[in-house]
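>>> what follows is a predicted protein model with its sequence.
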Amino acid sequence: GMALLEAKVAAAEAAKAKAEAARAQEEQARDQAKKEAVSLRGQLESVKEEQTASVQTLQGELEKVRQQAEAELQAARAELTELKQQTTTLQAEAKKAKEEEVQRKEAEVKAKEEAAAQAKQAKAAEEQ
């Protein structure tokens, strides 16, 4: 009976050792999983920060482009206004020049008519 008892004790100790080894393995696996979770959380955080930074960079670049386009648009508008003013000025000058030309021609015609009338008078005076 003693051998049987010793065999049972040995079997129980072996089972206990097996259970302890299994528990140690489980703890190791749990520690490993915790470490990986911490590492992954850190990586995720780092990726989030990078994305935030890159989005901010893109927003900054977009804002610069928008401001540049706005400035170019304002410059183009100013140029257009300037051209309109120049056109108005040139049209006024052209109108004035045309009116002066008409007046000059009218004065020429008048002068010719007066000269013709004087010549006629002179001829009439000569004939008398």
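Happy to help now that I have it. What you see is a predicted model, and the numbers here were worked out from it, not measured in a lab. Numbering: from 1, shown residues only.
>>> okay, CA-based contacts and neighbour counts for the rest of this
Fine.
>>> quick one: the strands in this structure, in order.
Using DSSP state E, no strands are assigned anywhere in the chain.
>>> shaky segments in it?
By pLDDT under 70, the chain has no low-scoring segment.
>>> and with 90 instead?
Scanning the chain for pLDDT under 90 picks out 1-2, 123-128.
>>> in it, which spans are helices?
2-127 (DSSP state H).
>>> what number of residues lie near E45?
12 (other CA atoms under 10 Å).
>>> hmm, I was thinking of E99
Using other CA under 10 Å, E99 has 12 neighbouring residues.
>>> do the same with K35
By other CA under 10 Å, 12 other residues sit near K35.
>>> any idea how far it is from R41?
Applying CA to CA, to the nearest Å, the value for K35 to R41 is 10 Å.
>>> equivalent analysis for Q85, please.
As for Q85, its distance to R41 is 65 Å (criterion: CA to CA).
>>> run through who's touching stretch 108-115.
Among residues not part of stretch 108-115, none is counted as a contact by CA atoms under 8 Å, 6 or more residues apart in numbering.
>>> so how far is it off the chain centroid?
69 Å (CA atoms, centre = their mean, to the nearest Å).
>>> go on, stretch 84-101?
Centroid separation between stretch 84-101 and its chain, computed with CA atoms, centre = their mean, is 41 Å.
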